[in-house]
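J.: Here is my input, please return the structure:
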Amino acid sequence: MPFEFTLHAPNGVAAEFRKRRVAAFCAGIAASCLFLCSGTGAAQTTSSSAAGASGAPGVSSAALPAGRELTDELGRKVLLPREAERIVSLAPNLTEIVFALGDGSHLAGDTDFCDDPPEATRKPHVGGPVNPNLEEIVALMPDLILASKSINRRETVNALDHIGLPVYVTDPHSVEEMIASVEHLGSALGAEKAAAALAGDLRARLADLDRRLAEAAPRRVLFVVWTDPLISIGSGTFIADALRRAGGRSVVDTKIEWPHVSMEEIVRLQPEFVVFASAHAGNTQRDIDALRERPGWKNLAAMRNGNIVVVSDAINRPAPRMVEAIEHLARALHPEAFSSSTAAPSPDYHSVSNPVTEEACLCAR
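T.: Numbering: from 1, shown residues only. Below you'll find the predicted structure:
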């Protein structure tokens, strides 16, 4: 089926980038589909500037107007126009960062799962992060596409790269690396000052937590990703690092990112706290009450004693709101470290006793 579009673009270098890339896409969409289906995309890692030189239907760097070259977090060279006027985000955390940098007006599109801030839900959607619609992406005429290694497929990045669309990929594995991604994206978007200010604020808040928790013994925590089967976090995940910054330590000690854990082992380990991440607290009471009656769960002292914390689902997403979730988790795990503070905690988390108190959680997914 032929791809049809109507070109509405401003004058200037960025518009020229878009027009040439759309033209390249129309000429090469069939080849790109073959490229994906053949499986060669999984092995190819050429950047957009190299695609034309390799004979792909993308736009060669010599044919493009003067721009700038950046290196993304995978070490790929990405050729950009001087200013990225139209951005497409392929991951919810990247959408959040774009808005946090004050660049939401330049976001031309995002995914079906981009839900924060609310303005993100009103942008044109290009499908899910795992399998976005390439034609819809190109129809938005982006100057820059943002992707995340943890949620987007390499085949998607390579296919977009193959047709000459610049894709900047992030790959944070810790809270500090999330903040570094904010700075890197600030450079990619031409929002360096906003990124520096935001990164400085996030680091200052984390430094305050470090100071408050310096003498506190880490709480032994079971962080629940999923209950049936029981899935927790590995030591190399950014959630484990967030837990550490909040004064906690996972009782599950493994390098597997999302380990399946036996309830018998958790009963043996007896965590001091059980932590759940929730986008919506409406079913929290029912779910936790049901868990309390299940074999294994009812043998956990933390469950019997009400040492349960429901934290904002923002802790699952490497974006600036994660720091707020860390602060709230730290208050729940170590209230004594904040007893002298006059600031009341925001209602994004709750420490749960028996019965559960319902409070609104920030939506992070």
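J.: Quick one: distance of stretch 177-197 to the chain centre.
T.: Offset of stretch 177-197 from its chain centre (C-alpha atoms, centre = their mean, to the nearest Å): 15 Å.
J.: do the same with stretch 219-226
T.: The mean C-alpha position of stretch 219-226 is separated from the chain mean by 20 Å, C-alpha atoms, centre = their mean.
J.: Mind listing what's buried along it?
T.: Arg219, Val221, Leu222, Phe223, Val224, Val225 (16 or more other C-beta atoms under 10 Å). The C-beta positions use only the backbone N, C-alpha and C, and glycine is treated the same way.
J.: next one: stretch 258-267
T.: So for stretch 258-267, counting by 16+ other C-beta under 10 Å, buried means Pro259, Val261, Met263, Ile266, Val267.
J.: quick check, nearest of those residues to Val275?
T.: Nearest to Val275 among the buried residues of stretch 258-267 is Ile266, at 12.8 Å by C-beta to C-beta.
J.: For that closest one, give its distance to Asn316.
T.: In this view, Ile266 and Asn316 are 20 Å apart by C-beta to C-beta, to the nearest Å.
J.: Now do the strands in this structure.
T.: Remark: strands assigned in the chain by DSSP state E are 67-71, 77-81, 87-89, 107-109, 144-148, 167-170, 219-224, 226-227, 230-231, 248-250, 273-278, 308-312, 350-352.
J.: of all those strands, which lies closest to Ser187?
T.: Here strand 67-71 is closest among the strands of the chain (C-beta to C-beta), at 6.4 Å.
J.: pLDDT at the nearest residue to Phe99 once chain neighbours are set aside, what is it?
T.: Nearest residue to Phe99 in three dimensions, chain neighbours excluded: Pro117, at 5.4 Å (C-beta to C-beta, 6 or more residues apart in numbering). On pLDDT, Pro117 comes in at 95.
J.: ok, now Arg220?
T.: The model reports Arg220 with a pLDDT of 98.
J.: residue contacts, it?
T.: Counting by C-beta atoms under 8 Å, 6 or more residues apart in numbering, Arg220 makes contact with Gly248, Arg249, Val251, Leu269, Pro271, Glu272, Phe273.
J.: Distance of Thr151 relative to Ile308?
T.: Not Thr; residue 151 is Ile. Distance, Ile151 to Ile308, using C-beta to C-beta: 28 Å.
J.: Pick out whichever of the two has more residues nearby.
T.: Ile308 (24 against 17; other C-beta atoms under 10 Å).
J.: what bridges to the more buried one?
T.: Val274, Val352 (DSSP bridges).
J.: my guess is it meets Pro271, correct?
T.: No: between Ile308 and Pro271 there is no contact under C-beta atoms under 8 Å: 10.5 Å.
J.: who touches both of the two?
T.: With C-beta under 8 Å, 6+ apart, Ile308 and Pro271 have common neighbours Ala302.
J.: returning to what we had before: can you report how many residues lie near the residue nearest to Phe99?
T.: Going by other C-beta under 10 Å, the residues that sit close to Pro117 add up to 13.
J.: so where is the stretch 1-150 of the chain shaky, pLDDT-wise?
T.: Along the stretch 1-150 of the chain, segments meeting pLDDT under 70 span 1-66.
J.: Distance-wise, check Thr71 relative to Asn93.
T.: 20 Å.
J.: ok, these two, which is more surrounded?
T.: Between Thr71 and Asn93, Asn93 has the larger neighbour count (other C-beta under 10 Å), namely 28 against 12.
J.: Skip the chain neighbours and tell me the closest residue to the more buried one.
T.: Here the residue nearest Asn93, using C-beta to C-beta, 6+ apart, is Ala319, at 4.1 Å.
J.: and the one you found, what is it in contact with?
T.: Pro92, Asn93, Leu94, Glu96, Ile97, Ala100, Met178.
J.: Tell me the one of those residues nearest Ala108?
T.: Distances from Ala108 to those, taken by C-beta to C-beta, are shortest for Leu94, at 13.4 Å.
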